[in-house]
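Q: Next comes the sequence, and after it the predicted model I'd like to discuss.
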Amino acid sequence: MLSILGTIVVGFIVGLIARAVKPGNDSLGWIMTTVLGVAGSLVASYAGTAMGWYAAGTPAGWIASVIGAIVLLVIYGLFKKA
C-alpha cells in the first residue's frame, strides 16, 4: 500500500515538472497529471531497459521519467489537435 502511494506522489511530481518544462497550454487536471507522470516513468523504464541503460525491473531515474512524460505530453498534444 505504501509503495502505491509513493508511486502516486512521484508520478504527480514528475507530471508537474513535465508540464512546467514543456511550453504551451496543457490543460490537465490533478489526476491526469499524476497518470502522466506515472506513465512517463513506465515509458522511460521500458525504453531504458530496451536500450540497455537499466537492468530489468529497475525503476527509471527522475530525469528519464520527466523526459518520458514530456514525450507523452507531445503525443497527447498531437492527438488533441486532430
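A: Received it, and whenever you're ready, just let me know what you need. Residues are numbered from 1 along each chain as shown.
Q: pLDDT weak spots in this structure?
A: Applying pLDDT under 70 to the chain picks out residues 1-2, 82.
Q: most residues in a single helix of it, which one?
A: Determined from DSSP state H, the single longest helix within the chain is helix 30-51.
Q: Show me what it packs onto, helices and strands only.
A: helix 2-21, helix 62-81 (3 or more Cβ pairs under 8 Å, 6 or more residues apart in numbering; DSSP states H and E). In short, each C-beta sits where N, CA and C put it, glycine included.
Q: Show me what the first one is packed up against.
A: When contacts are defined as 3+ Cβ pairs under 8 Å, 6+ apart, helix 2-21 packs onto helix 30-51, helix 62-81.
Q: ok and that helix relative to helix 62-81, angle-wise?
A: 60 degrees (axes from the mean of the first three to the mean of the last three Cα atoms, to 10 degrees).
Q: List the buried residues of helix 2-21.
A: 7, 10-19 (16 or more other Cβ atoms under 10 Å).
Q: tell me the angle that helix makes with helix 30-51.
A: Going by the same axes, to 10 degrees, helix 2-21 makes 100 degrees with helix 30-51.
Q: cool, the last one as well?
A: Here helix 62-81 points in a direction 120 degrees away from that of helix 30-51 (the same axes, to 10 degrees).
Q: what's around Tyr46, how many residues?
A: By the criterion of other Cβ atoms under 10 Å, Tyr46 has 13 neighbours.
Q: Thanks again, I'm all set now.
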